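Undergrad: please find the sequence and the predicted model below.
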Amino acid sequence: MSAVSPIAPIAGESPWRLAFRRLTHNVLAVGGFIFLIILGAVCVFGPMRSPYKQSDQDLQKQASPPSAQHWMGTDSLGRDVATRVMYGGRVSLLVGLVATAVAAVIGVTYGLVSGLVGGRLDAFMMRIVDILYAFPFIVFVILLNAVLGKNEAVEHFTAKVLNWLGVIPGVKGALEDIGFNASFIILFAAIGAVEWLTMARVVRGQTLALRKQEFITAARAFGARGWSILGRHLLPNVIGPVIIYASLTVPGVMLLEATLSFLGLGIQPPAASWGVLINDGSTQIENAWWLLTFPGLFFALTLLALNFLGDGLRDALDPRSGR
(Lines give C-alpha, C1' and ligand atoms only; values in the text may rest on other atoms or scores of the structure.)
Protein backbone atom coordinates (compact mmCIF):
# COMPACT_ATOMS: atom_id res chain seq x y z
CA MET A 1 0.00 0.00 0.00
CA SER A 2 1.18 3.46 -0.78
CA ALA A 3 1.73 5.79 2.14
CA VAL A 4 -0.83 8.52 2.62
CA SER A 5 0.81 11.91 2.24
CA PRO A 6 0.14 14.28 5.13
CA ILE A 7 -2.21 17.16 4.49
CA ALA A 8 -0.41 20.47 4.52
CA PRO A 9 -1.79 22.89 7.10
CA ILE A 10 -3.71 25.85 5.74
CA ALA A 11 -2.03 29.11 6.61
CA GLY A 12 -4.34 31.54 8.36
CA GLU A 13 -4.60 35.24 7.64
CA SER A 14 -4.85 37.81 10.40
CA PRO A 15 -7.68 40.37 10.25
CA TRP A 16 -5.19 43.23 9.80
CA ARG A 17 -3.40 41.47 6.94
CA LEU A 18 -6.75 40.72 5.32
CA ALA A 19 -7.75 44.37 5.72
CA PHE A 20 -4.46 45.51 4.16
CA ARG A 21 -4.99 43.18 1.20
CA ARG A 22 -8.50 44.54 0.69
CA LEU A 23 -7.20 48.09 0.86
CA THR A 24 -4.44 47.51 -1.70
CA HIS A 25 -7.03 46.11 -4.12
CA ASN A 26 -9.08 49.32 -3.90
CA VAL A 27 -7.78 51.42 -6.80
CA LEU A 28 -9.38 54.69 -5.67
CA ALA A 29 -8.08 54.32 -2.11
CA VAL A 30 -4.53 53.54 -3.29
CA GLY A 31 -4.68 56.43 -5.76
CA GLY A 32 -5.88 58.77 -3.02
CA PHE A 33 -3.10 57.62 -0.70
CA ILE A 34 -0.41 58.15 -3.36
CA PHE A 35 -1.80 61.61 -4.14
CA LEU A 36 -1.74 62.56 -0.44
CA ILE A 37 1.86 61.36 -0.06
CA ILE A 38 2.94 63.43 -3.07
CA LEU A 39 0.93 66.44 -1.89
CA GLY A 40 2.40 66.22 1.61
CA ALA A 41 5.93 66.04 0.20
CA VAL A 42 5.30 69.05 -2.05
CA CYS A 43 3.82 71.11 0.80
CA VAL A 44 6.62 70.21 3.22
CA PHE A 45 9.65 70.38 0.93
CA GLY A 46 8.37 72.61 -1.90
CA PRO A 47 8.78 75.92 -0.04
CA MET A 48 12.40 74.98 0.71
CA ARG A 49 13.10 74.86 -3.03
CA SER A 50 11.02 77.91 -3.92
CA PRO A 51 12.94 81.15 -4.60
CA TYR A 52 10.15 83.06 -2.81
CA LYS A 53 8.87 83.28 0.73
CA GLN A 54 5.15 83.45 1.37
CA SER A 55 5.52 87.04 2.62
CA ASP A 56 7.80 88.31 -0.19
CA GLN A 57 6.11 91.17 -2.05
CA ASP A 58 6.82 92.55 -5.51
CA LEU A 59 4.65 95.63 -5.99
CA GLN A 60 5.63 95.81 -9.67
CA LYS A 61 3.94 92.45 -10.29
CA GLN A 62 0.65 92.87 -8.47
CA ALA A 63 -2.05 90.40 -9.56
CA SER A 64 0.07 89.05 -12.43
CA PRO A 65 -1.34 86.02 -14.31
CA PRO A 66 0.52 82.67 -14.39
CA SER A 67 3.90 82.90 -16.11
CA ALA A 68 7.23 81.08 -16.34
CA GLN A 69 8.48 83.03 -13.32
CA HIS A 70 5.30 82.63 -11.25
CA TRP A 71 3.58 79.38 -12.25
CA MET A 72 0.34 80.26 -10.47
CA GLY A 73 0.63 84.02 -10.78
CA THR A 74 0.83 86.57 -8.00
CA ASP A 75 -1.74 88.11 -5.67
CA SER A 76 -2.70 91.75 -5.15
CA LEU A 77 0.47 92.36 -3.11
CA GLY A 78 2.78 90.68 -5.61
CA ARG A 79 3.26 87.51 -3.54
CA ASP A 80 3.90 84.23 -5.36
CA VAL A 81 0.65 82.21 -5.32
CA ALA A 82 2.35 78.82 -5.79
CA THR A 83 4.45 79.37 -2.66
CA ARG A 84 1.43 80.51 -0.67
CA VAL A 85 -0.56 77.48 -1.85
CA MET A 86 2.19 75.18 -0.56
CA TYR A 87 2.30 77.01 2.78
CA GLY A 88 -1.49 76.94 2.88
CA GLY A 89 -1.41 73.18 2.34
CA ARG A 90 0.85 72.82 5.36
CA VAL A 91 -1.62 74.75 7.51
CA SER A 92 -4.77 72.99 6.25
CA LEU A 93 -3.27 69.51 6.60
CA LEU A 94 -1.91 70.37 10.06
CA VAL A 95 -5.32 71.60 11.22
CA GLY A 96 -7.06 68.52 9.79
CA LEU A 97 -4.70 66.04 11.43
CA VAL A 98 -4.27 67.73 14.82
CA ALA A 99 -7.95 68.58 15.32
CA THR A 100 -8.92 65.02 14.34
CA ALA A 101 -6.35 63.60 16.78
CA VAL A 102 -7.72 65.79 19.58
CA ALA A 103 -11.28 64.72 18.77
CA ALA A 104 -10.25 61.05 18.65
CA VAL A 105 -8.51 61.11 22.04
CA ILE A 106 -11.44 62.84 23.75
CA GLY A 107 -14.14 60.85 21.94
CA VAL A 108 -12.54 57.43 22.42
CA THR A 109 -11.90 57.99 26.14
CA TYR A 110 -15.38 59.39 26.74
CA GLY A 111 -17.12 56.65 24.75
CA LEU A 112 -15.17 53.82 26.40
CA VAL A 113 -15.91 55.08 29.91
CA SER A 114 -19.58 55.73 29.16
CA GLY A 115 -20.13 52.34 27.53
CA LEU A 116 -18.26 50.34 30.16
CA VAL A 117 -19.83 52.00 33.22
CA GLY A 118 -23.39 51.97 31.87
CA GLY A 119 -26.44 52.76 33.96
CA ARG A 120 -27.27 56.26 35.10
CA LEU A 121 -23.77 57.61 34.55
CA ASP A 122 -23.89 56.44 30.93
CA ALA A 123 -27.28 58.13 30.45
CA PHE A 124 -25.99 61.35 32.04
CA MET A 125 -22.85 61.39 29.87
CA MET A 126 -24.91 60.88 26.72
CA ARG A 127 -27.27 63.73 27.68
CA ILE A 128 -24.22 65.98 27.84
CA VAL A 129 -23.35 64.89 24.30
CA ASP A 130 -26.92 65.64 23.15
CA ILE A 131 -26.78 69.12 24.69
CA LEU A 132 -23.47 69.91 22.99
CA TYR A 133 -24.87 68.60 19.69
CA ALA A 134 -27.73 71.09 19.96
CA PHE A 135 -25.45 74.10 20.54
CA PRO A 136 -24.83 76.11 17.31
CA PHE A 137 -21.22 75.59 16.27
CA ILE A 138 -20.70 79.01 14.64
CA VAL A 139 -21.97 80.74 17.80
CA PHE A 140 -19.53 78.63 19.82
CA VAL A 141 -16.60 79.69 17.61
CA ILE A 142 -17.61 83.35 17.80
CA LEU A 143 -17.74 83.13 21.59
CA LEU A 144 -14.32 81.46 21.71
CA ASN A 145 -12.82 84.15 19.48
CA ALA A 146 -14.42 86.88 21.58
CA VAL A 147 -13.17 85.43 24.87
CA LEU A 148 -9.80 84.02 23.80
CA GLY A 149 -8.93 86.00 20.68
CA LYS A 150 -6.76 88.62 22.41
CA ASN A 151 -6.22 86.73 25.64
CA GLU A 152 -2.66 86.97 26.95
CA ALA A 153 -2.94 83.54 28.56
CA VAL A 154 -3.65 81.93 25.17
CA GLU A 155 -0.73 83.75 23.57
CA HIS A 156 1.50 82.68 26.46
CA PHE A 157 0.31 79.08 26.05
CA THR A 158 1.01 79.26 22.31
CA ALA A 159 4.58 80.37 23.04
CA LYS A 160 4.94 77.48 25.49
CA VAL A 161 3.69 75.01 22.88
CA LEU A 162 6.35 76.24 20.47
CA ASN A 163 9.01 75.84 23.16
CA TRP A 164 7.79 72.32 24.03
CA LEU A 165 7.91 71.31 20.38
CA GLY A 166 11.34 72.86 20.06
CA VAL A 167 12.88 69.65 21.43
CA ILE A 168 11.93 67.97 18.13
CA PRO A 169 14.44 69.03 15.46
CA GLY A 170 12.93 71.30 12.82
CA VAL A 171 9.38 71.36 14.21
CA LYS A 172 9.53 74.76 15.92
CA GLY A 173 11.09 76.37 12.86
CA ALA A 174 8.48 74.82 10.58
CA LEU A 175 5.61 76.09 12.76
CA GLU A 176 7.09 79.58 12.95
CA ASP A 177 7.57 79.46 9.18
CA ILE A 178 3.82 78.98 8.58
CA GLY A 179 2.94 81.72 11.06
CA PHE A 180 1.73 79.55 13.94
CA ASN A 181 -0.18 81.79 16.37
CA ALA A 182 -2.96 81.77 18.95
CA SER A 183 -5.64 81.39 16.24
CA PHE A 184 -4.40 77.82 15.70
CA ILE A 185 -4.94 76.95 19.37
CA ILE A 186 -8.43 78.47 19.34
CA LEU A 187 -9.30 76.59 16.14
CA PHE A 188 -8.02 73.28 17.54
CA ALA A 189 -10.09 73.84 20.68
CA ALA A 190 -13.22 74.81 18.74
CA ILE A 191 -13.14 71.94 16.25
CA GLY A 192 -11.91 69.39 18.79
CA ALA A 193 -14.73 70.36 21.17
CA VAL A 194 -17.33 69.44 18.53
CA GLU A 195 -15.87 66.65 16.41
CA TRP A 196 -15.40 64.28 19.36
CA LEU A 197 -19.17 63.99 19.91
CA THR A 198 -19.83 61.57 17.06
CA MET A 199 -16.65 59.66 17.88
CA ALA A 200 -17.89 59.20 21.46
CA ARG A 201 -21.21 57.81 20.23
CA VAL A 202 -19.51 55.39 17.84
CA VAL A 203 -17.12 54.09 20.52
CA ARG A 204 -19.88 53.88 23.15
CA GLY A 205 -22.01 51.74 20.83
CA GLN A 206 -19.11 49.39 20.19
CA THR A 207 -18.32 49.22 23.91
CA LEU A 208 -21.91 48.40 24.87
CA ALA A 209 -21.81 45.46 22.45
CA LEU A 210 -18.39 44.25 23.63
CA ARG A 211 -18.89 44.53 27.41
CA LYS A 212 -21.30 41.56 27.33
CA GLN A 213 -18.86 39.32 25.46
CA GLU A 214 -17.31 36.32 27.18
CA PHE A 215 -13.74 37.60 27.05
CA ILE A 216 -14.74 40.67 29.11
CA THR A 217 -16.50 38.41 31.64
CA ALA A 218 -13.37 36.25 31.80
CA ALA A 219 -11.18 39.32 32.31
CA ARG A 220 -13.36 40.44 35.22
CA ALA A 221 -13.17 36.93 36.70
CA PHE A 222 -9.37 37.14 36.64
CA GLY A 223 -9.46 40.42 38.54
CA ALA A 224 -9.24 42.98 35.71
CA ARG A 225 -10.95 46.24 36.55
CA GLY A 226 -11.55 49.72 35.15
CA TRP A 227 -8.68 51.06 33.09
CA SER A 228 -7.19 47.58 32.65
CA ILE A 229 -10.33 46.41 30.83
CA LEU A 230 -10.49 49.64 28.82
CA GLY A 231 -6.87 49.59 27.71
CA ARG A 232 -6.16 45.88 27.28
CA HIS A 233 -9.48 44.47 26.09
CA LEU A 234 -11.89 47.12 24.81
CA LEU A 235 -9.61 49.62 23.06
CA PRO A 236 -7.96 47.06 20.72
CA ASN A 237 -11.43 45.89 19.66
CA VAL A 238 -12.79 49.35 18.85
CA ILE A 239 -9.69 50.63 17.06
CA GLY A 240 -11.04 49.57 13.65
CA PRO A 241 -14.17 51.79 13.76
CA VAL A 242 -12.04 54.58 15.26
CA ILE A 243 -9.61 54.45 12.32
CA ILE A 244 -12.51 54.47 9.86
CA TYR A 245 -14.25 57.43 11.46
CA ALA A 246 -11.00 59.38 11.97
CA SER A 247 -10.05 58.96 8.30
CA LEU A 248 -13.43 60.36 7.28
CA THR A 249 -13.21 63.15 9.88
CA VAL A 250 -10.01 64.70 8.48
CA PRO A 251 -11.64 66.01 5.26
CA GLY A 252 -14.63 67.22 7.27
CA VAL A 253 -12.33 69.15 9.62
CA MET A 254 -10.43 70.68 6.70
CA LEU A 255 -13.70 71.77 5.11
CA LEU A 256 -14.82 73.21 8.45
CA GLU A 257 -11.56 75.13 8.81
CA ALA A 258 -11.92 76.49 5.28
CA THR A 259 -15.47 77.61 6.04
CA LEU A 260 -14.41 79.35 9.26
CA SER A 261 -11.45 81.01 7.52
CA PHE A 262 -13.77 82.10 4.70
CA LEU A 263 -15.96 83.78 7.34
CA GLY A 264 -12.95 85.36 9.04
CA LEU A 265 -13.25 83.14 12.13
CA GLY A 266 -10.43 80.70 11.43
CA ILE A 267 -6.71 81.03 10.82
CA GLN A 268 -5.52 84.62 11.17
CA PRO A 269 -2.64 86.39 9.35
CA PRO A 270 0.27 86.05 8.90
CA ALA A 271 -0.64 82.36 8.54
CA ALA A 272 -2.49 81.38 5.36
CA SER A 273 -4.52 78.20 4.93
CA TRP A 274 -6.30 77.14 1.76
CA GLY A 275 -9.48 78.55 3.28
CA VAL A 276 -7.83 81.96 3.70
CA LEU A 277 -6.52 81.87 0.12
CA ILE A 278 -9.95 80.88 -1.23
CA ASN A 279 -11.50 83.73 0.73
CA ASP A 280 -8.99 86.21 -0.70
CA GLY A 281 -9.42 84.88 -4.22
CA SER A 282 -13.22 84.97 -4.13
CA THR A 283 -13.17 88.76 -3.85
CA GLN A 284 -11.07 89.11 -7.03
CA ILE A 285 -12.46 86.33 -9.20
CA GLU A 286 -13.42 88.68 -12.05
CA ASN A 287 -9.98 90.29 -12.39
CA ALA A 288 -7.66 87.53 -11.12
CA TRP A 289 -9.19 84.08 -11.66
CA TRP A 290 -6.01 82.25 -10.62
CA LEU A 291 -6.23 83.47 -7.02
CA LEU A 292 -9.31 81.30 -6.45
CA THR A 293 -8.74 78.55 -9.02
CA PHE A 294 -5.44 77.09 -7.79
CA PRO A 295 -6.14 77.00 -4.02
CA GLY A 296 -9.66 75.74 -4.74
CA LEU A 297 -8.35 73.02 -7.07
CA PHE A 298 -5.79 71.72 -4.56
CA PHE A 299 -8.36 71.84 -1.78
CA ALA A 300 -10.98 69.94 -3.81
CA LEU A 301 -8.50 67.26 -4.95
CA THR A 302 -7.27 66.78 -1.38
CA LEU A 303 -10.81 66.34 -0.06
CA LEU A 304 -11.53 63.79 -2.82
CA ALA A 305 -8.33 61.85 -2.05
CA LEU A 306 -9.08 61.82 1.69
CA ASN A 307 -12.63 60.61 1.08
CA PHE A 308 -11.43 57.88 -1.30
CA LEU A 309 -8.89 56.72 1.29
CA GLY A 310 -11.49 56.87 4.08
CA ASP A 311 -13.98 54.84 2.05
CA GLY A 312 -11.26 52.31 1.27
CA LEU A 313 -10.35 51.95 4.95
CA ARG A 314 -14.01 51.50 5.83
CA ASP A 315 -14.45 48.75 3.24
CA ALA A 316 -11.19 47.07 4.32
CA LEU A 317 -11.82 47.11 8.07
CA ASP A 318 -15.57 46.40 7.99
CA PRO A 319 -16.04 42.59 8.06
CA ARG A 320 -19.33 42.95 6.16
CA SER A 321 -17.40 44.11 3.10
CA GLY A 322 -16.07 40.57 2.70
CA ARG A 323 -19.49 39.17 1.86
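TA: Yes, it's here.
Undergrad: run a quick neighbour tally on residue 276.
TA: The burial metric for residue 276, expressed as a neighbour count using other CB atoms under 10 Å, is 24. No exception for glycine: its C-beta is placed from N, CA and C like everyone else's.
Undergrad: so who does it touch?
TA: Applying CB atoms under 8 Å, 6 or more residues apart in numbering, we find residue 276 in contact with 88, 261, 266, 267, 269.
Undergrad: phi, psi of it?
TA: Recorded main-chain torsions at residue 276 are phi -60, psi -40, according to degrees, to the nearest 10.
Undergrad: any idea how far it is from residue 96?
TA: Residue 276 sits 15 Å away from residue 96, taking CB to CB, to the nearest Å as the criterion.
Undergrad: likewise residue 233?
TA: Spatial separation of residue 233 from residue 96 under the definition CB to CB is 31 Å.
Undergrad: neighbour count winner among the two?
TA: Counted by other CB under 10 Å, residue 233 and residue 96 do not tie: residue 96 has more neighbours, with 24 against 19.
Undergrad: pLDDT score for the more buried one?
TA: Note on residue 96: pLDDT of 88.
Undergrad: I'd like the next helix or strand past the helix or strand containing residue 124.
TA: For residue 124, the host element (DSSP states H and E) is helix 119-134. Scanning the chain past helix 119-134 towards its C-terminal end, the next helix or strand to appear is helix 137-148 (assignment: DSSP H and E).
Undergrad: got the contact list for that next one?
TA: Taking CB under 8 Å, 6+ apart as the rule, helix 137-148 contacts 154, 182, 185, 186, 189, 190, 193, 194, 260, 263, 265.
Undergrad: buried subset of those as a PyMOL selection?
TA: Selection command for PyMOL covering only the buried members of these, criterion 16 or more other CB atoms under 10 Å:
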select buried, resi 154+182+185+186+189+190+193+194+260+265
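Undergrad: which of the contacts of helix 137-148 fall in helices?
TA: Cross-referencing those with the helices (criterion: DSSP state H) gives 154, 182, 185, 186, 189, 190, 193, 194, 260 as the overlap.
Undergrad: quick check, nearest of these to residue 310?
TA: Using CB to CB, the shortest approach to residue 310 within the ones in helices among the contacts of helix 137-148 belongs to residue 194, at 18.8 Å.
Undergrad: please name the nearest non-neighbouring residue to residue 284.
TA: Taking CB to CB, 6 or more residues apart in numbering as the measure, residue 284 lies nearest to residue 291, with 5.4 Å between them; neighbours along the chain are not counted.
Undergrad: ok, that neighbour to residue 197 distance?
TA: On the measure of CB to CB, residue 291 and residue 197 end up 36 Å apart.
Undergrad: neighbour count: the two, which is higher?
TA: With neighbours defined as other CB under 10 Å, residue 291 and residue 197 compare such that residue 291 has more, 25 against 19.
Undergrad: who's in contact with residue 308?
TA: Applying CB under 8 Å, 6+ apart to residue 308 gives the contacts 28, 29, 31, 32.
Undergrad: how about a cut-off of 6 Å?
TA: By CB atoms under 6 Å, 6 or more residues apart in numbering, the residues touching residue 308 are 28, 29, 32.
Undergrad: any quick ChimeraX command for the buried ones out of those residues?
TA: Isolation of the buried members of these (16+ other CB under 10 Å) is achieved in ChimeraX through the command below:
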select :29,32
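Undergrad: dump the contacts of residue 308 into TSV; add distance to residue 309 as well.
TA: Shown next, in TSV, are the contacts of residue 308 (distance: CB to CB, whole Å):
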residue	distance to residue 309
28	8
29	5
32	4
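Undergrad: adding secondary structure, write the contacts of residue 308 out as CSV.
TA: Below are the contacts of residue 308 laid out as CSV (DSSP: H, G, I helix; E, B strand; the rest coil):
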residue, secondary structure
28, helix
29, helix
32, helix
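Undergrad: list just the nearest of the contacts of residue 308 to residue 160.
TA: Distance to residue 160 across the contacts of residue 308 (CB to CB) is lowest for residue 32, with 36.2 Å.
Undergrad: right, and the closest one touches residue 303 too?
TA: No: Residue 32 sits out of contact with residue 303 when judged by CB atoms under 6 Å, with a separation of 10.2 Å.
Undergrad: need the overlap of contacts for the two.
TA: Jointly contacting residue 32 and residue 303 under the rule CB under 6 Å, 6+ apart is no residue at all.
Undergrad: list the buried ones in the helix or strand hosting residue 219?
TA: Secondary-structure element containing residue 219, defined by DSSP H and E: helix 214-221. The neighbour-count check on helix 214-221 (16+ other CB under 10 Å) flags 216, 219 as buried.
Undergrad: going forward can the numbers begin at 851, since that is how I track them
TA: Understood, numbering begins at 851; the last thing we discussed is helix 1064-1071.
Undergrad: elements contacting whichever helix or strand comes after it?
TA: Toward the C-terminus, helix 1064-1071 is succeeded by helix 1076-1079 as the next helix or strand (DSSP H and E). Packed against helix 1076-1079 by the contact rule (3 or more CB pairs under 6 Å, 6 or more residues apart in numbering; DSSP states H and E) you find no helix or strand.
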